[in-house]
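Chemist: Sequence first, predicted model second:
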Amino acid sequence: MNIEIEEISKDFGTTAALHPVSLSIPSGTLVALLGPSGSGKTTLLRILGGLEFPTAGRVLFDGADATNLSVQDRRAGFVFQSYALFRHMTVFDNIAYGLRARPRQSRPQSAEIARRVTKLLDLIKLPDIGARYPSQLSGGQRQRVALARALAIEPRMMLLDEPFGALDAKVRRELRQGLRDIHDTTGLTSIFVTHDQEEAMELADLVVVMSMGRIEQVGKPEDIRARPKTEFVREFVSA
Amino acid sequence: MTDTLTIPSRPRAFRPATTEPTVVKGALIALCLAVLTVLLFAPLIAVFEEALRRGWAFALASLSEPDAQSAIWLTLTVAAIVVPLNAAFGIAAAWAITKFDWRGKAWVFTLIDLPFSVSPVVAGLLFVLMFGANSALGAWLVASGFPIVFAVPGIVLATLFITFPFVARELIPVMLEQGRAEEEAALTLGASGWRTFFTVTLPNIRWALLYGVLLCNARAMGEFGAVAVVSGKIRGQTTTMPLMIEMFYNEYLSVAAFTMAGVLALLAFVTLTLKTALEWRYADQLAATHRH
Amino acid sequence: MTARPFTLRNPTPMPGWGLSFGIMVTMLSVIVLVPMGVLLWRGFVGFGAGGMWEVVNRPRVWSALELSFRAALIASLFNLVFGVILAWVLVRYRFPGKRLIDAAVDLPFALPTAVAGIALTAIYAPNGVFGSVIQDTFGIRVAYTELGIWIALIFVGLPFVVRTVQPVIEEIDRETEEASATLGASRLRTVTHVVLPMLAPAALTGFALALARSVGEYGSVIFIAGNLPNVTEIAPLLIVIRLEEFDYDGAVAIAIAMLTISFALLLAINLIQIWSRRRMGAV
Ligand SMILES: Nc1ncnc2c1ncn2[C@@H]1O[C@H](COP(=O)(O)OP(=O)(O)OP(=O)(O)O)[C@@H](O)[C@H]1O
Ligand SMILES: [Mg+2]
């Protein structure tokens, strides 16, 4: 699914978190939103996910206006920075949550749900943890469960807010490749937020550099490195 | 606003994913206000309405009756004895529990809470059994001119039982959170034990202590069941304010009963006001997770 | 390690052990433990289990015990549901007078029970403000019936669930609810499947506190109850009546019956808590 962001702006009271930004994301791309703290990355991601409503502008999914689409109907696989796993549910129930929440007509049979959850657990390479509770998992395992839970709803796109933010450097590196692999198998348009330029450059097809609510530059990693458009981008990517 | 023409109309109010529809919100708020009105506010208004049914002068006159006066004095006396004793217990228990590691701590902790789950009437019964004329100890006490049951000491004991956990419950979580480092620092600087307590510990726990004392005092002045059982309800001698309310009420002295009730209700206001003020100003120094 | 001699406490330079421990143990013993011990001794040794059973196993006593526990359960269940709603409204919504309402929730802790008792009776009596309206429209009497007991016990137990649940709601991570929404769950489903299960342990604690309080409640109930034997006579009142008749054994038997049932209930609630906590892992 391709995503079209048209002149989106967002004010929180008097502070402008996003000045009008526009961006076009071709279907199947893995995009990194890169920028320092407070640059508006999370805000943009939340607007795409339907968790925040833009002050002005619109969002198009495959050419159709999705600005007014409710969160529930967007089918965006959202992975939160804190993972936001349901701590009173097992890993299995967490992953099955979205399928069970569907209206009766489109809800799969419970055997089918079990089959899909098992498949997702295999995909994240944690086949044996279905019966555990989130508190019994390591940080890296939680992150992957959050990913599987988001994938379970057969999302139209993946939105990940600092997916590796809470992990130590070693686990981070391992999971990076995992995310790339999953992206390549599912072929979903994916956008992840990061303030680590190395991570963005290594992983993404397209890097969007943001600063103070504006998009500074959009381009392939090598282009951004080779031809930074502004002083800010040059300094940020060479850091 | 011609430039907005290209932007499709959007819903009047975007509802964040973590809120309920306005209708639901309104309904829930209305429900809460309705229940609280019917259950809390209406009875409170009724107290003052009934008290002032025949005017201020009549109501105040009922308070100056000797029986009423002695009830007020007795209630104040009992509170003046019980509250400091309970505060002393609370501080001692909190000190022993939070500053030392010993076996059986959890058990003592549970035992301190025990009076919460004992009926006030049973609390009164305990002291009647121990010190009443039917027991050997009680008979001897009566004979030697120091009766406990149907006298003020019994009221004090029963009230102590009822209010037993109040101060300790407030202090223990606060002192647990504060740890021992500050006291240890004071000791290494050469301060004596008492000096450490008064200059380091007490300033750290004073608001929590006041909070506990406030709740303890409210309960001590208002206790009915336990005191009803141990006091013998001797008019002018062992009748506290809550008991006096019952007596007036049963004698159909409605104004007198509700006036006395009004005085206690005013006291409840003062308690609530101080308590709320403490919660707003010193929330960080109170037992944060256990507010009541 | 095993060679360490038995010590009550670990050595520490902290002063005041003797004094604080002494005061604590002395007062705990004099005020709580010895009196409770005397009650149990009077019951089990003095009077005997058989004798106590005979006292309790009479229709009037059974119906008083039944009434006390039934009314306390009903009132606490009401407070469980309403307390969660009220806590939610107080934490999540903004409306004028909210802070006042929040402070007023503690009124039942501060207001003496006798005051609550006569005040509730005044408005719910057949000639009272609400009592007369309810009687005229529904033909139901509130005061001097079991309904009146429920009202008094709801009043007494009102703050417990609110005050235990409030901090938990404050701590719920917004992202957890948002995650549920992004997975397609309606708001209602999010509340029932995600929010309420997270509040359940605290709500249960509040429920247990309210139950313990209202089972033994006396002051607010006796004014509104009517106190008709076998109908609206609560167990604590029966203890008082036995005492007035100088039937100490009878009073002791009923008291021990009440304590036994109370502790069994609280133990059951505690076990549910432990079980649910273990289910969720070490939270
Ligand atoms: N709910 C809100 N209310 C008010 N201001 C907000 C809100 N959310 C974000 N902001 C503000 O909007 C700006 C952009 O925030 P945003 O969270 O999008 O930044 P970010 O790039 O994700 O930063 P970080 O890397 O720290 O997560 C910041 O100045 C922030 O303070
Ligand atoms: Mg962010």
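Modeler: Thanks, I have it. Numbers count the residues shown, from 1 in each chain, chains lettered A, B, ... in the order given. Ligands and ions are numbered 1, 2, ... in the order given.
Chemist: Apart from its neighbours in sequence, what residue is nearest the residue nearest in space to the middle of chain B?
Modeler: The structure's chain B has its C-alpha centroid closest to residue B:215; by CA atoms, centre = their mean the separation is 2.9 Å. For residue B:215, ignoring the flanking residues on the chain, the nearest one in space by CB to CB, 6 or more residues apart in numbering or on different chains is residue B:166 at 5.1 Å. Placement of C-beta: from N, CA and C, glycine included.
Chemist: measure the one you found to chain A for me?
Modeler: Counting by CB to the nearest CB, to the nearest Å, the gap from residue B:166 to chain A is 33 Å.
Chemist: what phi and what psi does the backbone show at residue A:4?
Modeler: Torsion angles at residue A:4 (phi, psi; degrees, to the nearest 10) stand at phi -120, psi 120.
Chemist: Just to check, it is in contact with residue A:59?
Modeler: Yes: at 7.1 Å, residue A:4 and residue A:59 qualify as touching, with contact defined as CB atoms under 8 Å.
Chemist: Can I get the longest helix anywhere in chain A in PDB, CA atoms only?
Modeler: The helix spanning the most residues in chain A, taking DSSP state H as the definition, is helix A:169-186. C-alpha atoms of helix A:169-186 as PDB (Å, rounded to 0.1, in the frame of the first residue of the first chain):
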ATOM      1  CA  ALA A 169      23.200  -2.600  21.700                       C
ATOM      2  CA  LYS A 170      23.700  -6.300  21.100                       C
ATOM      3  CA  VAL A 171      20.100  -7.300  21.000                       C
ATOM      4  CA  ARG A 172      19.400  -4.300  18.900                       C
ATOM      5  CA  ARG A 173      21.700  -5.400  16.200                       C
ATOM      6  CA  GLU A 174      20.200  -8.900  16.100                       C
ATOM      7  CA  LEU A 175      16.600  -7.700  15.900                       C
ATOM      8  CA  ARG A 176      17.400  -5.200  13.200                       C
ATOM      9  CA  GLN A 177      18.100  -8.000  10.800                       C
ATOM     10  CA  GLY A 178      15.000  -9.700  12.100                       C
ATOM     11  CA  LEU A 179      12.800  -6.700  11.200                       C
ATOM     12  CA  ARG A 180      14.400  -6.500   7.700                       C
ATOM     13  CA  ASP A 181      13.600 -10.200   7.100                       C
ATOM     14  CA  ILE A 182      10.100  -9.900   8.300                       C
ATOM     15  CA  HIS A 183       9.600  -6.800   6.100                       C
ATOM     16  CA  ASP A 184      11.000  -8.700   3.100                       C
ATOM     17  CA  THR A 185       8.700 -11.700   3.700                       C
ATOM     18  CA  THR A 186       5.500  -9.700   4.200                       C
END
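Chemist: ok, residues contacting the following helix or strand past it?
Modeler: Downstream of helix A:169-186, the first helix or strand assigned by DSSP states H and E is strand A:189-194. Strand A:189-194 is contacted by residues A:1-3, A:25-34, A:41-42, A:45, A:48, A:156-165, A:179, A:183, A:200, A:203-204 when judged by CB atoms under 8 Å, 6 or more residues apart in numbering or on different chains.
Chemist: mind listing which of these are in helices?
Modeler: Those of the contacts of strand A:189-194 lying in helices (DSSP H): A:41, A:42, A:45, A:48, A:179, A:183, A:200, A:203.
Chemist: residue contacts, the third one?
Modeler: For residue A:45, the set of contacting residues under the criterion of CB under 8 Å, 6+ apart consists of A:33, A:159, A:161, A:191, A:193.
Chemist: can you tell me which of these lies nearest to residue A:139?
Modeler: Using CB to CB, the shortest approach to residue A:139 within the contacts of residue A:45 belongs to residue A:161, at 15.4 Å.
Chemist: thought the closest one was touching residue A:42?
Modeler: Yes: between residue A:161 and residue A:42 there is a contact at 5.7 Å, judged by CB under 8 Å.
Chemist: which residues does residue B:160 contact?
Modeler: If you count contacts by CB under 8 Å, 6+ apart, residue B:160 has them with B:82, B:85, B:86, C:31.
Chemist: In helices only, show me the residues you listed.
Modeler: In this view, the contacts of residue B:160 that belong to helices under DSSP H are B:82, B:85, B:86.
Chemist: Could you dump the residues you listed into a markdown table with distance to residue C:94, pLDDT and neighbour count added?
Modeler: Shown next, in a markdown table, are the ones in helices among the contacts of residue B:160 (distance: CB to CB, whole Å; pLDDT from 0 to 100; neighbours: other CB atoms under 10 Å in any protein chain shown):
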| residue | distance to residue C:94 | pLDDT | neighbour count |
| --- | --- | --- | --- |
| B:82 | 41 | 97 | 26 |
| B:85 | 43 | 97 | 20 |
| B:86 | 38 | 96 | 26 |
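Chemist: which of the residues you listed lies closest to residue C:241?
Modeler: Among those, residue B:82 lies closest to residue C:241 (CB to CB), at 27.2 Å.
Chemist: Thought residue B:156 was touching that closest one, still the case?
Modeler: Yes: under the criterion of CB under 8 Å, residue B:82 makes contact with residue B:156 at 6.0 Å.
Chemist: For residue C:40, report the pLDDT, please.
Modeler: Looking at residue C:40, its pLDDT is 95.
Chemist: so what's residue C:27 scoring on pLDDT?
Modeler: Reading off the model, residue C:27 has pLDDT 95.
Chemist: Please spell out which residues along the helix or strand hosting it are buried.
Modeler: Per DSSP H and E, residue C:27 falls inside helix C:17-27. Residues of helix C:17-27 classed as buried by neighbour count (16 or more other CB atoms under 10 Å in any protein chain shown): C:17, C:20, C:21, C:23, C:24, C:27.
Chemist: among those, which are in reach of ligand 1?
Modeler: Among the buried residues of helix C:17-27, not one lies near ligand 1 by CB under 6 Å from any ligand atom.
Chemist: Pick out the residue of the stretch 101-250 of chain B closest to ligand 1.
Modeler: Of all residues in the stretch 101-250 of chain B, the one sitting closest to ligand 1 is residue B:177 (29.5 Å; CB to the nearest ligand atom).
Chemist: Compute the number of surrounding residues for residue C:230.
Modeler: 12 (other CB atoms under 10 Å in any protein chain shown).
Chemist: who are the neighbours in contact with residue A:213?
Modeler: The contact partners of residue A:213, by CB under 8 Å, 6+ apart, come to A:16, A:17, A:18, A:19, A:21, A:39, A:40.
Chemist: So in terms of bridging, what pairs with the first one?
Modeler: I take that to be residue A:16. For residue A:16, the beta-bridge partners are residue A:11 (DSSP bridges).
Chemist: Let's see the pLDDT reported for it.
Modeler: Looking at residue A:16, its pLDDT is 92.
Chemist: and it, what does it touch?
Modeler: With contact taken as CB under 8 Å, 6+ apart, residue A:16 is in contact with A:9, A:10, A:213.
Chemist: Just name the closest of the residues you listed to ligand 1, please.
Modeler: Distances from ligand 1 to the contacts of residue A:16, taken by CB to the nearest ligand atom, are shortest for residue A:213, at 6.7 Å.
Chemist: before we move on, the earlier item: so what touches the very next helix or strand once past the helix holding residue C:27?
Modeler: Counting by DSSP H and E, the next helix or strand C-terminal to helix C:17-27 is helix C:34-40. With contacts defined as CB under 8 Å, 6+ apart, helix C:34-40 is touched by B:114, B:118, B:122, B:125, B:126, B:127, B:129, B:130, B:161, C:252, C:255, C:256.
Chemist: I'd like to know which elements the helix holding residue C:27 is packed against.
Modeler: Under the contact criterion of 3 or more CB pairs under 8 Å, 6 or more residues apart in numbering or on different chains; DSSP states H and E, helix C:17-27 touches helix B:66-99.
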